[in-house]
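Undergrad: just to be clear, the model below is a prediction. Sequence and coordinates:
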Amino acid sequence: MRARNIYGFGDFSDVSSVVASSVPGEPEIATTTTQGTGTVIGFFAPDTNGAMIQSYTIKIAGIDDIFYESQECYDTLTPGSHDYFSCTVSFKTLREAPFFLVYNSLVSVIVRATNNIGNGEFSQPNVMGSTVQTEPQSVKNVRLDPTQSTTTTILLEWDALFTDLETGGSPVLNYKISINSGLTITSWSQVAVVASNS
């Protein structure tokens, strides 16, 4: 750059380099996949638009359809190949505040990127993917068979848990039986573990 007056032009200024940049682009829709006792959230980095991405904001929809952040996701966020990122959030976390998701709720996620220019737009929420799984429901209709019980042994029967809603989305591994000694209401002792296929 140089200035001009009625006498002519002055000398050029020193050379300055300018790189055109703006906030990052909008990420593609994130994915959620059930893995073990939680869900894996995955997404690809969006266009940087000329300025390196510095951070990501990841939000998960609660039962009230409001999106909240999870520190557990940030703690496990790891980069993969081809600008792919993923994190894991346990179903236990998703069933607690502020999410309060219930069995079979879709884990819906939005993601945005931030660079030194500012925040990009959030991605659109996913409409399919991982759903919340839970522990089994309480066992129903536990009953004593007096014809098969004695002073030293008892025969218990109960209704097995079968449906996904009853089992929490995972087959029941076993049933644990506890008895109360009668001393206090908290005096419970485990006396047997029965395999679900017994």
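TA: Arrived safely. Numbering: from 1, shown residues only.
Undergrad: residue 35 and residue 89 touch, don't they?
TA: No: Residue 35 is beyond contact range of residue 89, at 10.5 Å (criterion: CB atoms under 8 Å). Where C-beta positions appear, they are placed from N, C-alpha and C, glycine not excepted.
Undergrad: separation between residue 12 and residue 4?
TA: Distance of residue 12 to residue 4, computed by CB to CB, to the nearest Å: 12 Å.
Undergrad: likewise for residue 59?
TA: 54 Å.
Undergrad: more neighbours: which of the two?
TA: residue 59 (19 against 8; other CB atoms under 10 Å).
Undergrad: what sits against the more buried one?
TA: By CB atoms under 8 Å, 6 or more residues apart in numbering, the contact list for residue 59 reads 67-69, 109-111, 122.
Undergrad: does it fall in a helix, a strand, or a coil region?
TA: Residue 59 falls in the strand class when you classify it by DSSP: H, G, I helix; E, B strand; the rest coil.
Undergrad: and if you look at residue 75?
TA: Classified using three-state DSSP, residue 75 is helix.
Undergrad: now it. Nearest residue, chain neighbours left out?
TA: Spatial nearest neighbour of residue 75, chain neighbours left out: residue 87 (7.9 Å); criterion: CB to CB, 6 or more residues apart in numbering.
Undergrad: which pLDDT does the model give the one you found?
TA: On pLDDT, residue 87 comes in at 96.
Undergrad: so what's it bridging to?
TA: According to DSSP bridges, the partner residues bridging residue 87 are residue 41.
Undergrad: where along the chain do the helices fall?
TA: Ranges of helices within the chain are 71-76, 91-95, 164-167, based on DSSP state H.
Undergrad: tell me which of the ones you listed sits most buried.
TA: Neighbour counts (mean count of other CB atoms under 10 Å) averaged over each of these peak at helix 91-95, with a mean of 20.
Undergrad: pull the residues that contact that one.
TA: 37-39, 60, 70, 72, 99, 101-102, 105, 107, 132-134.
Undergrad: residue 116 contacts residue 55, doesn't it?
TA: No: at 10.6 Å, residue 116 does not count as touching residue 55 under the criterion of CB under 8 Å.
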